[in-house]
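>>> Build me a model:
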Amino acid sequence: MQHDDFIEGLTHRLPAHLRDSFPDDQLAALQVAFGARQWEQHPVDLRGTIGVWHWRYYFVVLAGRQRRHLSRLEHQLSRWAAASALGIFLFLSTLTGLLTLYLLKSALGIDLLPDASLGIWDWFKQHVF
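Numbering: from 1, shown residues only. Presented below is the predicted three-dimensional model:
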């Protein structure tokens, strides 16, 4: 049977003389009967429900170290998602930095382009101060 956290957790808890006595089909049936994630612990495990009108929705957020072997497609998607998240983070950080510099410039009264304004400083003064 392929590498599986449930099977490893189950066989680890069995007495040594029984560990190799189960055929793959019995291990698969035990996995279905007990659930695949019974022994796996996650560093981040948030579960809850949210009531919206007369409906209730549940949410689960799990995070932890990747231990299973990924297919080539899963590996490519994982790298793409990480690169996208990094790109979005860098874009938002740059945008925040530029906005901060613009507000600081405006607060100090520095006018780089006379008679031109983005209107951000006026909006900021009106809504924040």
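>>> switch to C-alpha atoms for all contacts and neighbour counts from now on
Will do.
>>> Can you show me the CA trace of stretch 91-103 as CSV?
Taking Å, rounded to 0.1, in the frame of the first residue of the first chain, the C-alpha atoms of stretch 91-103 are listed here in CSV:
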residue,chain,number,x,y,z
PHE,A,91,2.7,44.5,-4.8
LEU,A,92,0.6,45.5,-1.7
SER,A,93,3.8,46.3,0.3
THR,A,94,5.1,48.5,-2.5
LEU,A,95,1.7,50.2,-2.9
THR,A,96,1.6,50.8,0.9
GLY,A,97,5.1,52.2,0.9
LEU,A,98,4.4,54.5,-2.0
LEU,A,99,1.2,55.8,-0.4
THR,A,100,3.0,56.4,2.9
LEU,A,101,5.8,58.3,1.1
TYR,A,102,3.1,60.4,-0.8
LEU,A,103,1.3,61.2,2.4
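>>> list the contacts for Leu101?
By CA atoms under 8 Å, 6 or more residues apart in numbering, no residues touch Leu101.
>>> Which is the succeeding secondary structure element to the helix or strand harbouring it?
Leu101 belongs to helix 72-107 when assigned by DSSP states H and E. Note on helix 72-107: by DSSP H and E, the next helix or strand toward the C-terminus is helix 120-128.
>>> quick one: contacts of that following helix?
103, 106-107.
>>> buried stuff in it?
Within helix 120-128, the residues that count as buried by 16 or more other CA atoms under 10 Å are Trp121.
>>> Could you list every helix and strand in contact with the helix or strand where Leu30 lies?
Here Leu30 sits within helix 24-34, counting by DSSP H and E. In terms of contacts (3 or more CA pairs under 8 Å, 6 or more residues apart in numbering; DSSP states H and E), helix 24-34 is packed against helix 5-13.
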